[in-house]
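K.L.:
based on what follows, work out the 3D shape:
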Amino acid sequence: MSLFENAPERTLPEVSRSADETRLLPVLSVATLFVSALLLFLIQPMFAKMVLPKLGGAPSVWSVAMVFFQAVLLAGYAYAHLLGRWFGPQRAALVHLLLLVVTAMTLPIAIAPNWGAPPADGTALWLFGLFAASIGLPFFALSASAPLLQSWFAGSGHRDASNPYVLYAASNLGSFAALFAYPVVVEPLLALNMQASIWSVGFAVLALLVTAVALVLGRGDGAMKATPSPETSVISAADRLQWIALAAIPSGLVIAVTAYLTTDVAAAPFLWVIPLALYLFTFVVVFRDRPWISHATVVRLVPFAVAPLAISLVGAKVFWFTTIMLHLVVFTLLALLCHGELYARRPHPQRLTEFFLCTSFGGVLGGAFAGLLAPQIFSGNYEYPILIALALLAMPGMFAGGARRGLIKASPWLAVAIALAMVWYVTQLQLPASFELPFRALLVLLAACMIFLRQRPVSFAGLAITGLMLTTFWRPGMAPIETARSFFGVHTVVDLADGRARLLFHGNTMHGAERLRNDDGTPVSGAPEPQSYYYPGSPLAEGIAAARSLKGSLERVAVVGLGTGSLACYRGGEENWTFFEIDPEVIRIASNPAFFTFLSRCAPKARLVLGDARLTLQASLDRYDLIVLDAFSSDSIPVHLLTREAMAGYVSKLAPHGGILVHISNRHLDLAPILANIARSEGLIALFKDGHPVGDVMTTLRTASRVVMLARTPDDVGEAARHWAAMSPDPASALWTDDYSNLLGPMLRAKFGS
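P.N.:
Next up is the predicted model:
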């Protein structure tokens with residue numbers, strides 16, 4: 001037994017067999033549910049991609065979108081529940097058809113008019129409103145289809161009506177198919193406007209299928225003759241709480257794991273949909289009389305996956321692909337664990353819509369915690385290990401003998417984990433670098449103990465939670481100075497353990513560094529020297545020097561992306577530099593000389609413009625001799641800043657003989673061919689420079705970088721014409737526009753080459 005134990009046994013009712021009973025009804029029901037789910041989960045990544053340009057490509061867009069989808073799903077399930085109580089299947093079908101007709105009048109899918117730039121504060125609420133105004137009605141209409149079709153089937157008198165829950169697997173199979181098709185087929189091959197048009201056709205097909213189901217229902221007697229026994233019809237408050245809890249945990253986990261993974265990879269629909277597809281696939285696996293993977297097998301596998309994960313959250317991720325796979329495997333197993341327990345506690349079919357209403361409410365709670373509440377109360381992505389710990393509480397035997405006794409048995413382990421978290425939070429405890437090897441050995445021993453005690457749920461869960469606490473908070477060889485979280489991610493300021501330098505991280509990506517002490521241990525004096533991508537002699541430094549050589553000085557310079565403000569120290573004389581930054585936390589950190597001194601010492605009068613650079617730069621009345629696009633060095637890139645239309649906007653802001661530098665360093669994406677094709681489409685000259693400093697980055701503080709220089713004519717590139725490589729268009733790469741972009745190609749090219 002588990003935390004969610006003592007589920008009442010169910011007995012299935014006898015149902016009448018209508019004279020018109022036919023194979024057509026289950027076939028139609030399955031087809032309708034499949035199409036409905038297909039449309040429902042195509043609209044999610046499609047519309048999220050539409051709104052990305054308004055939000056700077058932040059991974060949090062998907063988190064808020066998920067909460068919105070879950071909230072509307074809850075409203076749809078409530079509508080289905082009330083419709084089932086007020087009307088019989090035939091009348092309910094007519095009401096739902098009317099809703100579909102009204103919804104069809106709002107198509108095709110598009111961003112609602114009169115929605116301008118998002119506010120500096122309350123971005124999540126603004127985005128919620130945008131989703132509601134744009135796709136609220138279509139999503140609501142589709143979300144009600146699964147419980148409605150299943151309840152109609154349960155009341156149809158068909159011989160298989162006693163277990164309509166199997167239809168839920170068909171619905172989730174359609175959802176899984178949509179999320180698989182979007183990154184592999186839809187996004188690479190179709191522009192957004194074409195996607196919206198095809199989606200509208202699919203909605204018309206759905207309306208026809210619902211009509212066919214209503215006609216078949218009208219031919220049968222539509223009655224369930226037998227009534228369930230009192231044992232099966234009475235649902236206790238504890239039952240409902242179990243449904244809600246078991247649905248809330250994986251719902252929160254899917255958002256938390258997505259945020260964790262996409263912080264260091266691109267904020268792209270094809271990456272968002274992988275955890276969501278796995279989440280839905282777990283329903284397909286377990287919501288059936290004979291699950292594809294037995295619940296006992298899932299329980300046996302969980303410890304072998306959680307143990308390495310619990311000790312792997314520490315430090316930088318070298319083997320990033322293996323790390324991603326480990327997180328996805330653990331997430332899938334924990335979702336299977338919770339959903340298996342949920343299916344085992346499903347009620348009699350007469351309570352079907354109430355069951356789905358409770359599970360949907362749980363989904364909203366879990367999603368709201370991970371997507372809305374956690375970013376407000378946690379400075380880091382701490383909701384992720386918390387939700388993993390909660391999922392472990394669903395393991396069978398965790399609370400054998402009752403919840404009270406289980407909590408007493410688990411309390412020592414929980415006390416250790418909570419104490420570790422409190423010590424770290426209060427003291428910011430940091431182990432010396434010399435302790436790193438013993439600490440890692442301790443973690444390996446901890447993982448071995450987890451495997452050894454895997455058949456003792458309380459001990460295993462306690463060790464796993466302790467490991468999660470240790471590895472979540474510790475950065476080897478670094479002392480935390482500041483951690484800040486905004487809508488756009490988690491920013492951490494750290495000092496190296498030897499005190500030589502201070503670094504700024506966005507997730508696990510370094511965004512800049514400032515040397516604090518020289519090699520002999522003396523404090524650095526005078527103006528700071530740019531480090532990381534911006535070191536003297538780097539491609540960015542060369543590009544700025546080449547642009548300055550054309551005119552002797554640069555009257556106005558625009559920099560998109562602030563980071564630590566390193567580039568400010570390349571400002572010359574009385575040049576006017578303006579930095580455009582979307583994240584207020586980045587501006588706060590870079591402007592504070594207690595953290596970094598690039599701005600305060602090198603460009604104290606530089607303008608800092610808050611907002612999405614594509615909008616704020618376009619609104620500027622100035623013309624610039626040089627525009628530096630430095631928003632792509634993070635592995636979570638704002639795609640909308642790298643389209644043909646965006647480039648046309650930058651060129652329109654260039655002064656005569658001005659140029660553009662684009663910093664495209666990226667661990668996972670090869671963006672050079674994208675720039676080459678955009679340059680050709682806009683009639684620009686494109687040059688490329690690859691810089692590879694010698695030595696380890698943590699020793700030299702210098703990072704390899706890739707930079708593209710764009711200009712109107714060959715005379716506008718200055719000295720770079722002699723030292724930089726000319727770029728040619730890549731016919732194998734599609735031209736990125738506001739209506740079409742595909743990150744899968746650049747990622748595969750970076751991983752496997754051309």
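
K.L.:
pull the helix or strand with minimum mean pLDDT from the chain.
P.N.:
With mean pLDDT, DSSP states H and E as the measure, the helix or strand of the chain carrying the lowest mean pLDDT is helix 230-233 (a mean of 48).

K.L.:
list the buried residues of the helix or strand that it is followed by.
P.N.:
The helix or strand immediately downstream of helix 230-233 is helix 237-262, counting by DSSP states H and E. Across helix 237-262, burial judged by 16 or more other C-beta atoms under 10 Å covers 239-240, 242-262. For the C-beta atoms, the positions are set from N, CA and C on the backbone; glycine is no exception.

K.L.:
can you give me the helices in the stretch 1-150 of the chain?
P.N.:
24-51, 60-86, 89-104, 123-143, 145-154 (DSSP state H, counting those that start in this stretch).

K.L.:
please identify the most buried of those.
P.N.:
Ranked by mean neighbour count under mean count of other C-beta atoms under 10 Å, these are led by helix 145-154, which reaches a mean of 27.

K.L.:
hang on, Met747 packs against Arg667?
P.N.:
No - taking contacts as C-beta atoms under 8 Å, Met747 lies outside contact range of Arg667: 10.2 Å.

K.L.:
the more surrounded of these two?
P.N.:
More neighbours surround Met747 than the other of Met747 and Arg667, with 19 against 13 (other C-beta atoms under 10 Å).

K.L.:
Ala558: neighbour count?
P.N.:
So Ala558, with other C-beta under 10 Å, has 28 neighbours.

K.L.:
quick one: residues in contact with the helix or strand where it lies.
P.N.:
Element membership for Ala558 (DSSP H and E) is strand 556-560. The contact list for strand 556-560 (C-beta atoms under 8 Å, 6 or more residues apart in numbering) reads 567, 571, 575-580, 613, 617, 620, 622-631, 641, 653, 655.

K.L.:
elements contacting whichever helix or strand comes after that strand?
P.N.:
Once the chain leaves strand 556-560, the next helix or strand it forms, by DSSP H and E, is strand 576-581. The helices and strands touching strand 576-581, judged by 3 or more C-beta pairs under 8 Å, 6 or more residues apart in numbering; DSSP states H and E, are strand 556-560, strand 607-610, helix 613-619.

K.L.:
and of those, who's closest to Phe378?
P.N.:
Closest of the helices and strands packed on strand 576-581 to Phe378 is strand 607-610, at 23.4 Å (criterion: C-beta to C-beta).

K.L.:
so for the closest one, mean pLDDT?
P.N.:
Strand 607-610 shows a mean pLDDT of 92.

K.L.:
parallel or antiparallel, which strands does that strand pair with?
P.N.:
Strand pairing for strand 607-610, determined by DSSP bridges: strand 576-581 (parallel).

K.L.:
residues contacting the strand it pairs with, please?
P.N.:
Here strand 576-581 has contacts from 555-562, 565, 568, 571, 587, 603, 606-611, 613, 616-617, 620, 622, using C-beta under 8 Å, 6+ apart.

K.L.:
picking up where we left off before, mean pLDDT lowest where, among the helices of the stretch 1-150 of the chain?
P.N.:
Among the helices of the stretch 1-150 of the chain, helix 145-154 scores lowest, with a mean of 75.

K.L.:
next one: stretch 532-549 to chain centre, how far?
P.N.:
Put simply, stretch 532-549 sits 34 Å off its chain's centre (C-alpha atoms, centre = their mean, to the nearest Å).

K.L.:
per-residue confidence averaged over it?
P.N.:
Mean predicted lDDT for stretch 532-549 stands at 90.

K.L.:
list the buried ones in that stretch?
P.N.:
Per 16+ other C-beta under 10 Å, stretch 532-549 contains these buried residues: 532-535, 538-548.

K.L.:
try stretch 605-619
P.N.:
606, 608-609, 611-617.

K.L.:
with just CA atoms, put it into CSV.
P.N.:
These are the backbone C-alpha positions of stretch 605-619, laid out as CSV (Å, rounded to 0.1, in the frame of the first residue of the first chain):
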residue,chain,number,x,y,z
LYS,A,605,26.4,57.2,-18.2
ALA,A,606,25.4,54.4,-20.5
ARG,A,607,21.6,54.2,-21.1
LEU,A,608,19.9,51.0,-20.0
VAL,A,609,16.6,50.3,-21.8
LEU,A,610,14.3,47.7,-20.3
GLY,A,611,12.2,45.6,-22.6
ASP,A,612,12.3,43.3,-25.6
ALA,A,613,15.1,44.7,-27.8
ARG,A,614,13.2,44.2,-31.0
LEU,A,615,10.5,46.5,-29.8
THR,A,616,12.6,49.0,-27.9
LEU,A,617,15.3,49.3,-30.5
GLN,A,618,12.7,49.9,-33.2
ALA,A,619,11.1,52.6,-31.1
